[in-house]
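J.: quick one, fold the following:
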Amino acid sequence: MAQGPSPERPLSRIPFSPQAEAGIRALAGWMQIAAVVDILAAVGKLINTFAPKYQPGHIVDAILTLLIGVWVYQAGTAFRQVATTDVADQRYLMDGFSQLRKVFLLQSALIIISLAFLVIALTVMTVFMVAHGPRG
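T.: Predicted coordinates:
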């Protein structure tokens, strides 16, 4: 069983090759670009909530998009720290993975909720069609 670092042995640097560090830096940059796009999309969705008419569902969508954007940005920042510093690579990796875990858990929950609504809609439609028979 893997154990965390002891107080005597703090999280330390991982010796990545220069190519691996360049790849991590590039990944971090693209993650941060994607996050900024998500954050801007969240702002647009929030503005769209009130124009042309009030749509409260857009507020929830904006909040979820903002959360994903912020978490991806934080993950990108942590991964950039792995590639640009010489200390605590393990801690930065764990921080980045923790942020990505939040993103994937939220997306998984949203998929499950969407599929549940789909099953409910199909069930209601099937029951309605069976109860009312074919029309023609």
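
J.: CA atoms for contacts and neighbours, from now on please.
T.: Will do.

J.: number of residues surrounding Gly96?
T.: Gly96 has 24 neighbours, counted by other Cα atoms under 10 Å.

J.: for it, which non-adjacent residue is closest in space?
T.: Excluding the flanking residues, the one nearest Gly96 by Cα to Cα, 6 or more residues apart in numbering is Ala75, at 4.0 Å.

J.: hmm, the one you found is touching Leu100, no?
T.: Yes. Contact criterion Cα atoms under 8 Å: Ala75 and Leu100 qualify, at 6.3 Å.

J.: now the spatially most central residue of the chain: closest residue in space that isn't a chain neighbour?
T.: Nearest to the geometric centre of the chain sits Val103, at 2.5 Å (Cα atoms, centre = their mean). Using Cα to Cα, 6+ apart and skipping residues adjacent in sequence, the residue nearest Val103 is Ile68, 5.7 Å away.
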